[in-house]
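[1] My questions concern the predicted model and sequence given below.
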Amino acid sequence: MASEPSAFSKWLGQVGEKLNEQVWFQQLKAKWDELDPQSKQAIQYGGMGLMGLGAFYLVISTAWQVRELRNDLTEKTELLGLLQSSVDEMKRLKDITAAAGQDAGSGSWSEHVDSVARSAGMDKTNVTVAPEKPVVAAAGTTSDGSKESLIEVSFKKIDIRKLTRFAFNLENGNRPAKIRALTVNTGGTPDGYIDASVTFSGFTLK
């Protein structure tokens, strides 16, 4: 017993009937029937070749798009890695700076002066720091929440460039300081060296 045609077969049959009713399709069919077998075979091979070229172009185009997507993903992954490395490096430097600031701010003014002198290229043996002298606020003035100390620093046999660098680093360092007096003695020192003293106010938060 023959099986009934499927819905797809019925649809194809309906499409074939619609095409047969079209004038342009009948004209093409007539032209096709007029061709000799060799021409028909050549056209069939040509159509198969065009289909093959289309399929090849589709494969190449898809492969190229996949390659571009892979390269784009690789570039974005590398960029994310670089950004993460930059963030980690900034965090590390921030932690180091914060730790250095805490260390510098928590020590005595004598230790701070030694650090500033080293940054100015001075040898510790050429620097003498006198004991801190607390400054008492005048009557009627208000405190700004900081304690002021007066510190005198003496220098022996240094050059003027190091003294200038020390003064600049002192007032622009990580602890608030204000130079009150600077004295330079150029007499009696060999090779252009000088003796000097700096008196500055150091402010510590209460």
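    Sure thing, it's come through.
[2] so where's the longest helix in this protein?
    helix 37-106 (DSSP state H).
[3] immediately after that helix, which helix or strand?
    Next along the chain after helix 37-106, taking DSSP states H and E as the criterion, comes helix 109-119.
[4] residues making contact with that following helix?
    104, 124, 127, 129, 132, 149, 151, 153, 165-166, 169-170, 173, 175, 202 (C-beta atoms under 8 Å, 6 or more residues apart in numbering). The C-beta positions use only the backbone N, C-alpha and C, and glycine is treated the same way.
[5] Nearest residue to Ser154 in space, please, no chain neighbours.
    Thr128 (4.4 Å; C-beta to C-beta, 6 or more residues apart in numbering).
[6] neighbours of the one you found, just the number please.
    14 (other C-beta atoms under 10 Å).
[7] swap in Val153?
    Val153 has 23 nearby residues by other C-beta under 10 Å.
[8] try Gly173
    16.
[9] swap in the one 3 residues further on?
    Residues within reach of Pro176, counting by other C-beta under 10 Å, total 14.
[10] list the contacts for it?
    146, 202-203.
[11] residue closest to the middle of this protein?
    Ser86 (4.5 Å; C-alpha atoms, centre = their mean).
[12] Check the spacing between that residue and Leu79 real quick.
    10 Å (C-beta to C-beta, to the nearest Å).
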